[in-house]
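Peer 1: After the sequence you'll find the predicted model.
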Amino acid sequence: MASSTPKVTDIFVIGGGINGCGIARDAVGRGLTVELAEMNDLASATSSASTKLFHGGLRYLEYFEVRLVREALIERETLLRAMPHISWPMRFVLPMHREMRFDNDTPTSRLLSFVMPWMKGRRPSWLIRMGLFMYDHLGGRKILPGTRSVDLTTDEAGVPLHDKFSRAFEYSDCWVEDSRLVVLNARDAEARGATINTRTKVVSARRENGLWRVETENTDTSARSVSLARALVNAAGPWVADVIEGVMGQNSSAGVRLVRGSHIVTKRLFDHDRCYFFQGTDGRIIFAIPYQEDFTLIGTTDKEHDDADARPECTDEEAQYLCDFATEYFKRPVTMQDVVWRYSGVRPLYDDGASSATAATRDYVLKIEGETAPVLNVFGGKITTYRKLAEAAMAKLVPYFDQATGDWTAGVAMPGGDFAVSDVDKLIADLQAEYGFLTPAWAKRLVRAYGTEAREILGATKTVADLGQDFGATLSEAEVTWLMSREYALSAEDVVWRRSKLGLRLSPLQISALDDHIAAARQNAPVR
């Protein structure tokens, strides 16, 4: 019996990180048919290992990347409005002192050293204030408050810091739950008609008869299948070059520079809800951010990473560097004993020939090739500008599709995000009032993860017992079932480290029990 010919899709996307899922969502919303393949779980690499900020990139101003910063600053509020459950405003305290130094690679550092050599590489406060003025005004800020000066001798932000820090600037940026952002983009793309395939590796892609013939392999079953597409998008992140050369069998003049960024999570280091922006004597910067209520997130580093297939890890050296860096600011030394978790991700930056990982551009570069059956290769990018990257990608692809409609994603809410930024507290209070068994912390966690969809998870339940098995840390069987059926979760790791960060609160025994439950549920009734 002859095998049936696969249907032809308009666009096939390789990669289930933020760029791949963002492009898939944008494309399907324009009336195009879309299929996406991710070889692991969604957001399993770079997109779940960020510093978790929608930010303009204050330090990029020193590299004169004004366009990138302006685009990112505008996007902060656009994205905040579309997903007020997984993104929220935060204030950053930037302490001042005379020992702050430039990274010697920055254009601003070189210019200032030439004009004012007596500064000896110092980063003066007037320059920072000028940068913050630009930061406040480049993006047409409407929701977020602007910069203000802080007296650290009287403000609570000064309490955990060394006494030598007497003044600071305070400015605004936004938090984002990065891996949840990816899942919500994938869910919205699927709801609009896209096909989302996880645990599906693209093993080859070749042009045949004016189409792309894409062969994939299910990484669980090793079963292979073939898809046909009119255009191909390579959004494989750290593997973008491997896909070009190995999967497509092509050469490319564009290169990718792999840079490892590592973070540590410590016991909570301070009592207020503001973040810190720390400048080092080596010219680098790190953040110290309140994290998951009871912890502090510190990062990041910039280290060259040679092999995309080598699992990125926060080394002891990097963790100690971050501890020592933070200790330069905090009165109580931050030690390795304070570290409860560490993680690392590889940023696939466009290789612009910069002399160091820190100096490499964070801007994205899109390369399209082919008169017919085009392929678009995506290099670089940052989480804040993923939506604009998707629009720019579609601007290159739309000429190949007469039926494609225009830009549409700005201001369109993500699943669960259909409420006002100012209504989060009301949503939490209303959820707790409706489901009396919820503690305040539990209600907050559900709203911050699922927004208005939290009610769909809880359904008609009246008691905790109605939610089924209790896996610990307020994670219920009802929530796990939702994550499996609606959010592509197929393992405990998917649930406790990417759909949530409950891995910080669950014991290895509890996580093992969750894995057993998910495996049994998949065997009895395969979800995807």
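Peer 2: Ah, there it is. Numbers count the residues shown, from 1 in each chain.
Peer 1: check contacts around Ile289.
Peer 2: Contact analysis of Ile289 by C-beta atoms under 8 Å, 6 or more residues apart in numbering lists 51-53, 90, 175, 275-276, 296-298. In short, each C-beta sits where N, CA and C put it, glycine included.
Peer 1: so where's the stretch 401-528 of the chain uncertain?
Peer 2: 526-528 (pLDDT under 70).
Peer 1: mind listing the helices for it?
Peer 2: Using DSSP state H, counting those that start in this stretch, the helices of the stretch 401-528 of the chain run over 424-434, 440-450, 454-458, 477-486, 492-493, 508-524.
Peer 1: quick one, which of those helices is nearest to Ser149?
Peer 2: helix 424-434 (28.3 Å; C-beta to C-beta).
Peer 1: Contacts for the closest one next, please.
Peer 2: Looking at what lies outside helix 424-434 - C-beta under 8 Å, 6+ apart - the contacts are 84-85, 88, 419, 438-440, 443-444, 446-448, 451-452, 454-455, 458.
Peer 1: Of the contacts of Ile289, just say which sits nearest to Tyr343.
Peer 2: Leu297 (9.6 Å).
Peer 1: Just confirm the closest one contacts Ala49, I think it does.
Peer 2: No - using C-beta atoms under 8 Å, Leu297 is not in contact with Ala49, being 11.7 Å away.
Peer 1: coming back round to it: kindly write the PyMOL command that selects the buried subset of the contacts of helix 424-434.
Peer 2: Buried residues within the contacts of helix 424-434, by 16 or more other C-beta atoms under 10 Å, are selected in PyMOL with:
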select buried, resi 84+85+88+419+438+443+444+446+447+448+451+452+454+455+458
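Peer 1: Okay, now stretch 225-242: how far is its last residue from its first?
Peer 2: 21 Å (C-alpha to C-alpha, to the nearest Å).
Peer 1: what about Lys303, how many neighbours?
Peer 2: Neighbour count of Lys303, defined by other C-beta atoms under 10 Å: 20.
Peer 1: wait, I meant Asp425
Peer 2: Counted with other C-beta under 10 Å, Asp425 comes out at 10.
Peer 1: Next: Glu328.
Peer 2: Glu328 has 17 neighbours, counted by other C-beta under 10 Å.
Peer 1: Give the full set of residues in contact with it.
Peer 2: So Glu328 contacts 162, 278, 280-281 (C-beta under 8 Å, 6+ apart).
Peer 1: could you redo the last one with a cut-off of 10 Å?
Peer 2: 97, 99, 161-162, 278-281, 286, 334 (C-beta atoms under 10 Å, 6 or more residues apart in numbering).
Peer 1: for Ala420, same thing?
Peer 2: Contacts of Ala420 (C-beta under 10 Å, 6+ apart): 81, 84, 426-427.
Peer 1: again, only using 8 Å
Peer 2: Shown in contact with Ala420 (C-beta under 8 Å, 6+ apart): Pro84.
Peer 1: State the distance from it to Gln469.
Peer 2: 35 Å (C-beta to C-beta, to the nearest Å).
Peer 1: One more: Ala492?
Peer 2: 13 Å.
Peer 1: Would you mark the buried spots in stretch 157-169?
Peer 2: Neighbour-count burial for stretch 157-169 [16+ other C-beta under 10 Å]: 157-158, 160-161, 165, 167-169.
Peer 1: hmm, which two among the residues you listed are most spread apart?
Peer 2: Pro160 and Phe169 (17.5 Å).
Peer 1: Now Glu38. Nearest residue, chain neighbours left out?
Peer 2: Spatial nearest neighbour of Glu38, chain neighbours left out: Gly16 (2.6 Å); criterion: C-beta to C-beta, 6 or more residues apart in numbering.
Peer 1: I'd guessed Leu506 sits against Gly472; true?
Peer 2: Yes - if you go by C-beta under 8 Å, Leu506 and Gly472 touch, sitting 5.1 Å apart.
Peer 1: okay, the two: which has more neighbours?
Peer 2: Each of Leu506 and Gly472 has its neighbours counted (other C-beta under 10 Å); Leu506 has more, 20 against 16.
Peer 1: if we can go back for a sec, of the contacts of Ile289, which is the nearest to Ala241?
Peer 2: Taking the contacts of Ile289 together and measuring to Ala241 by C-beta to C-beta, the closest member is Thr51, at 24.4 Å.
Peer 1: My read is that the closest one contacts Asp302, right?
Peer 2: No - judged on C-beta under 8 Å, Thr51 makes no contact with Asp302 at a distance of 11.8 Å.
Peer 1: who touches both of these two?
Peer 2: Gly261.
Peer 1: Determine the number of other residues adjacent to Lys52.
Peer 2: Using other C-beta under 10 Å: Lys52 sits among 24 other residues.
Peer 1: quick one, phi/psi of it?
Peer 2: Per-residue torsions, Lys52: phi 70, psi 50 (degrees, to the nearest 10).
Peer 1: quick one, what contacts the closest residue to it other than its chain neighbours?
Peer 2: Leaving out its chain neighbours, the residue that sits closest to Lys52 by C-beta to C-beta, 6+ apart is Asp178, at 5.1 Å. By C-beta under 8 Å, 6+ apart, the residues touching Asp178 are 18, 43, 47-50, 52, 383.
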